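Novice: Could you look at this predicted model? Sequence included:
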Amino acid sequence: MKIALFSDIHANLPALEAFFADVDSRKPDAIYCLGDLVGYNIWPNEVVDEIRKRKIPTIAGNYDFGIGRRSDDCGCAYKTDSEKANGAVSISFTNEIMQEDQRNYLCTLPAHIKVEFKLNADKLHLLLVHGSPRKINEYLFEDRDEKSLLRIMEQADADIMCFGHTHKPYHRIFNSGADRQDHFRHAINLGSVGKPKDDNPKGCYVMLDIKEQSTVSNADSIDVEFIRFEYDVEKAAKAVENSPLPNAYAENLRKGC
Amino acid sequence: MTIALISDIHANLPALEAVMKDIGDRLPDAVYCLGDLVGYNVWPNEVIEQIRKRRIATLAGNHDLKVRDILPDAKSYAYNIVHEHHKKYLLSLPAHILLEYGEDDDKFNMLFVHGSPRSVNEYLLEDLTNRICFRS
């Protein structure tokens, strides 16, 4: 079965609409959303409405968690003073425009979804988290130490772990088997639909193909494809500029950073 | 959020169409299907097509797994009429889906299975004792 996985829309409705057009043309059998529907742009309510309308199983991101509880902290690790100041504007603006029904939806989202396959009596666990299994706002970057990533996956009993939060896509495969018994584990960062940060302004999502023959003992038996799609970046950037949100977010969208 | 849960369609297309219409009126935020799309009626392909088209997160039931080893006899009719590409879909479905809610000190889990967490074809009947229910 083909499973589409996407994450980090961040209130970018033009990007979400382009994602739906692209993913619909590829006819997946299931779609999951790994959170961060809101923040940094002007359409948080519309993004929530579109995802609810399509009944997409969705987990909470750190921004959803913050807005769901009307908090002024999104749990983001801003580095500089200007990033912190801009972040404060974004969360206060989002809290201001978020409607009650959409906010309630955000605060009732699950933290993780575990999809447990038993193919040919072989177990294969697909774990969906926003940041990491331990923390909704932990950043799992591509350069993370292999031992650390493996320990996180082993502790969570995840053979395939999909996550977002960093907005930088990657797929790493580790062999955690012992005694000459291969056990491949896949760490997959989905990238971001509405706020990519890997120097590519196109939106990003993942298509996973699980077959009857898929197994932890063969790394190539699970197909992972990263899909980039164009969307109306200018529309999303102009919306930022015509709002109380900091103009830096518009530039980030244009550059993909 | 509201979650709609359906199960045991058993190739009954009129019933699936009716439940989809009813669910459509109630506007749930998510829909899950707990398996047994096929068997006992003549529309297994149409039922699978509807479920796939709507991208409903679906589990494999014991009848869905029967398409793996079927004999070309009259008793297996309901499974033999399933198209090859739909058989591949059925055989790649997950066994369980677990939704984990809450934070460190306030967690709860919601588990979807077809028969029981132990076996796809175990019957958990209503009069099962609590002791067994909590243990399994």
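Specialist: That came in fine, so what should we check first? Only a predicted model underlies this, so the values are computations on that prediction, with no experimental measurement involved.
Novice: Please count neighbours and contacts with C-alpha atoms only from this point.
Specialist: Will do.
Novice: Chain A contacts on chain B?
Specialist: B:1, B:27-31, B:52-57, B:88-89, B:91-102 (C-alpha under 8 Å from any C-alpha of the partner chain).
Novice: Just the buried ones from those residues, in ChimeraX syntax?
Specialist: In ChimeraX, a selection of the buried entries from the residues of chain B next to chain A looks like this (16 or more other C-alpha atoms under 10 Å in any protein chain shown):
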select /B:27,28,29,30,31,52,54,55,56,57,88,89,91,92,93,94,95,96,97,98,99,100,101
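Novice: ranges for the helices of chain B?
Specialist: B:13-26, B:44-53, B:62-65, B:77-80, B:84-91, B:130-135 (DSSP state H).
Novice: Not counting its neighbours along the chain, what's nearest the residue sitting nearest the centre point of chain B?
Specialist: The centroid of chain B falls nearest to B:Gly35 when counting by C-alpha atoms, centre = their mean (1.4 Å). Distances taken as C-alpha to C-alpha, 6 or more residues apart in numbering or on different chains put B:Gly61 closest to B:Gly35, at 4.3 Å, once the chain neighbours are dropped.
Novice: Return the residues in contact with the one you found.
Specialist: B:Leu34, B:Gly35, B:Asp36, B:Leu37, B:Ala95, B:His114, B:Gly115, B:Val120, B:Asn121 (C-alpha atoms under 8 Å, 6 or more residues apart in numbering or on different chains).
Novice: pLDDT at it, what is it?
Specialist: Per-residue confidence (pLDDT) for B:Gly61: 98.
Novice: Return the distance of it relative to chain A.
Specialist: 12 Å (C-alpha to the nearest C-alpha, to the nearest Å).
Novice: quick one: contacts for the residue of chain A positioned farthest from its centre?
Specialist: Going by C-alpha atoms, centre = their mean, the residue of chain A most distant from its centre is A:Asp179, 35.0 Å out. The contact partners of A:Asp179, taken as C-alpha under 8 Å, 6+ apart, number zero.
Novice: Give me the buried stretch members for the strand or helix carrying A:Glu83, please.
Specialist: Assessed by DSSP states H and E, A:Glu83 sits inside helix A:81-97. Going by neighbour count (16+ other C-alpha under 10 Å), the buried part of helix A:81-97 is A:Asn86, A:Gly87, A:Ala88, A:Val89, A:Ser90, A:Ile91, A:Ser92, A:Phe93, A:Thr94, A:Asn95.
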